[in-house]
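Engineer: pasting the structure only:
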């Protein structure tokens with residue numbers, strides 16, 4: 001792709017270019033030769049194949065397409081394959097080049113140019129390409145051709161190199177906008193004000209409930225646990241959680257007014273104020289999403305069963321883990337909870353049969369309104385007062401547990417990273433191993449930090465897929481499934497840097513199996529002891545998983 005544009009001054013350009021007349025590059029005079037522009041030092045830059053085929057080319061002087069194609073076609077024939085060189089010369093021009101795997105980065109200069117400055121310019125051009133291209137292949141470079149050409153224009157102006165570095169080039173091409181920053185700041189302020197307003201309304205609703213209780217009025221949707229049911233504090237906390245964290249994939253109840261004459265509160269509908277605020281942001285052109293792409297994939301994996309029964313159970317666990325890079329578990333915590341939701345009043349008086357096959361030494365704790373003696377003796381979860389029913393249309397935590405340890409054998413997924421210095425930088429070998437073979441981990445992402453502006457990333461060995469975010473300087477190793485059949489794997493890559501540049505490593509995954517072996521085997525009615533149909537949803541999530 002050949003580009004001949006009028007380079008216009010920009011607010012992001014250096015001062016030297018602001019005071020220079022913008023050069024207009026034409027292709028209208030094919031009869032002109034390079035001798036007419038001998039005063040120009042840098043004539044053109046290009047990325048070509050080893051056969052001399054141009055992939056992209058940027059000319060800094062008036063030059064016909066036929067001429068540049070001829071120069072690049074002659075370039076491979078001029079190279080002496082017996083020795084290693086960085087430049088070759090003809091009677092009129094000099095080629096300064098650097099191999100890029102199967103390609104060449106080539107600068108075409110006049111013979112009176114400074115070869116040391118040309119080599120420095122060439123290195124800068126070579127460092128720009130990995131900023132936009134994940135792999136150094138012809139298709140990838142063609143896809144990002146215009147991004148590369150815009151970056152080339154920041155390096156060279158009027159045939160001479162500008163005094164810029166890689167960070168400045170990135171800033172100039174991104175066109176950092178002050179107006180955009182102001183807009184984002186205003187939008188964040190509006191979001192904070194909206195959240196504060198919703199919290200204020202939640203407090204008003206809480207106060208209204210308290211006033212109703214003082215007047216002796218019975219409210220719907222909260223009864224079941226003790227004389228007062230679920231406290232207004234828990235209701236307000238659920239409301240606040242819905243407002244502050246709307247991005248969670250699970251459905252959290254929020255507040256609406258019932259259609260009947262009762263003044264009580266009712267859970268189960270989405271707040272209209274939140275919807276109106278989101279709609280306003282969408283009208284302003286903002287893309288509002290409930291989660292990132294990875295979280296949406298996790299939501300698919302952990303989506304609840306299609307047929308949710310009138311009695312629904314949710315077992316949720318979250319893990320927090322910190323390991324040292326040289327081995328040794330610094331801290332590991334697993335928090336779990338069983339939540340019960342009853343939507344049919346006839347199924348309110350029930351008991352849950354819990355199977356605890358855990359051998360890791362977890363600490364169990366039941367809800368205050370659950371009969372602890374019954375749970376200790378028979379592993380049954382039931383209310384202290386068997387005449388009472390569980391709350392309707394509410395997620396009630398009936399049992400929770402906690403595991404804290406520094407024993408390495410409890411780590412579900414071990415990550416070992418071995419960076420070793422070499423002549424060209426660092427060779428990094430990273431491997432994983434599933435120690436808890438009963439688990440099946442989905443959407444595993446191992447995020448490895450990379451040194452900023454390090455240059456070309458070379459993947460030598462890989463199981464699964466990878467994504468290199470050159471903007472954030474992160475290499476993400478993506479594995480769809482890790483289970484007993486796929487317990488271990490490794491990846492090896494090379495990049496300039498130091499061993500400390502590749503830490504801390506962060507891991508994320510989701511699973512449909514919980515870590516602690518606690519399950520609900522059955523549910524029965526209190527009076528008839530007959531079985532009750534129920535649906536079950538299990539999820540194991542990562543709160544923090546870091547190798548420092």
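Structural biologist: Thanks, I have the structure now. Owing to the predicted nature of the structure, the values given are computational and were not obtained by experimental measurement.

Engineer: where do the helices sit along this structure?
Structural biologist: Taking DSSP state H as the criterion, the chain contains helices spanning 15-18, 65-78, 115-132, 138-143, 145-155, 166-174, 178-214, 232-244, 272-283, 293-301, 372-378.

Engineer: Could I get the ones you listed in a markdown table, plus columns for distance to residue 533?
Structural biologist: In this view, the C-beta of every residue, glycine as well, is placed from N, C-alpha and C. Supplementary listing: the helices of the chain in a markdown table, determined by distance: least, C-beta to C-beta, whole Å:
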| stretch | distance to residue 533 |
| --- | --- |
| helix 15-18 | 74 |
| helix 65-78 | 73 |
| helix 115-132 | 56 |
| helix 138-143 | 54 |
| helix 145-155 | 58 |
| helix 166-174 | 57 |
| helix 178-214 | 33 |
| helix 232-244 | 26 |
| helix 272-283 | 34 |
| helix 293-301 | 25 |
| helix 372-378 | 22 |
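
Engineer: Could you give the number of residues near residue 528?
Structural biologist: For residue 528, the tally of surrounding residues (other C-beta atoms under 10 Å) stands at 9.

Engineer: do you know how far it is from residue 349?
Structural biologist: Residue 528 sits 10 Å away from residue 349, going by C-beta to C-beta, to the nearest Å.

Engineer: where does the stretch 1-150 of the chain have low pLDDT?
Structural biologist: Of all residues in the stretch 1-150 of the chain, those with pLDDT under 70 make up the ranges 1-40, 80-84.

Engineer: Backbone dihedrals for residue 137, please?
Structural biologist: With angles defined as degrees, to the nearest 10, residue 137 sits at phi -130, psi 160.

Engineer: Once you drop chain neighbours, what's closest to it?
Structural biologist: Spatial nearest neighbour of residue 137, excluding adjacent residues (C-beta to C-beta, 6 or more residues apart in numbering): residue 102 at 7.4 Å.

Engineer: next one: residue 55
Structural biologist: For residue 55, the nearest residue in space outside its immediate sequence neighbours is residue 47; the separation is 4.8 Å by C-beta to C-beta, 6+ apart.

Engineer: Pretty sure that neighbour sits against residue 104.
Structural biologist: Yes - the pair residue 47 and residue 104 qualifies as a contact (C-beta atoms under 8 Å) at a distance of 7.2 Å.

Engineer: neighbour count winner among these two?
Structural biologist: residue 47 (26 against 21).

Engineer: any idea how far residue 157 is from the more buried one?
Structural biologist: Between residue 47 and residue 157 the computed distance is 20 Å (C-beta to C-beta).

Engineer: now do residue 516
Structural biologist: Residue 516 sits 64 Å away from residue 157, going by C-beta to C-beta.

Engineer: Repeat that for residue 120.
Structural biologist: 16 Å.

Engineer: repeat for residue 69
Structural biologist: Remark: distance between residue 69 and residue 157 (C-beta to C-beta) = 24 Å.

Engineer: now residue 481
Structural biologist: As defined by C-beta to C-beta, residue 481 lies at a distance of 51 Å from residue 157.

Engineer: More neighbours: those two, which one.
Structural biologist: Neighbour tally, residue 481 and residue 157, criterion other C-beta under 10 Å: the higher count belongs to residue 157, 20 against 14.

Engineer: what about residue 537, neighbour count?
Structural biologist: Around residue 537 sit 18 other residues, with neighbours defined as other C-beta under 10 Å.

Engineer: Beta-bridge partners for it, please?
Structural biologist: Note on residue 537: beta-bridge partners residue 314, judged by DSSP bridges.

Engineer: so who does the closest residue to residue 418 other than its chain neighbours touch?
Structural biologist: Take residue 418 and drop its neighbours on the chain: the residue closest to it by C-beta to C-beta, 6+ apart is residue 429, 4.6 Å away. Contacts for residue 429 (C-beta atoms under 8 Å, 6 or more residues apart in numbering) come out as 417-420, 490-492.

Engineer: Also residue 335?
Structural biologist: For residue 335, the contacting residues are 317-318, 320, 400-402, taking C-beta under 8 Å, 6+ apart as the criterion.

Engineer: of the residues you listed, closest to residue 62?
Structural biologist: residue 320 (63.5 Å; C-beta to C-beta).

Engineer: gap between that closest one and residue 545?
Structural biologist: Relative to residue 545, and taking C-beta to C-beta, residue 320 is found at 8 Å.

Engineer: Compare the two and say which is more crowded by neighbours.
Structural biologist: Applying other C-beta under 10 Å to residue 320 and residue 545 shows that residue 545 carries more neighbours, namely 21 against 15.

Engineer: hang on, isn't the more buried one packed against residue 329?
Structural biologist: No - because the distance of 11.7 Å does not satisfy C-beta under 8 Å, residue 545 is recorded as not touching residue 329.

Engineer: list residues touching both of these two?
Structural biologist: Residues within reach of residue 545 and of residue 329 at once, by C-beta under 8 Å, 6+ apart, are residue 321.

Engineer: My understanding was that residue 115 contacts residue 88; is that so?
Structural biologist: No - counting by C-beta under 8 Å, residue 115 sits too far from residue 88 to count as a contact (11.7 Å).

Engineer: So these two - more neighbours on which side?
Structural biologist: The neighbour count for residue 115 versus residue 88, taken as other C-beta under 10 Å, is higher for residue 88 (17 against 14).

Engineer: leaving aside the residues next to it on the chain, what's closest to the more buried one?
Structural biologist: Using C-beta to C-beta, 6+ apart and skipping the chain neighbours, the partner closest in space to residue 88 is residue 78 (4.5 Å).

Engineer: Could you do residue 325 as well?
Structural biologist: Nearest one to residue 325, counting by C-beta to C-beta, 6+ apart, is residue 503 at 5.5 Å.

Engineer: ok so, going back, partners of the residue nearest to residue 55 in the sheet?
Structural biologist: The residues listed as beta-bridge partners of residue 47 by DSSP bridges are residue 56, residue 105.

Engineer: Thank you, goodbye.
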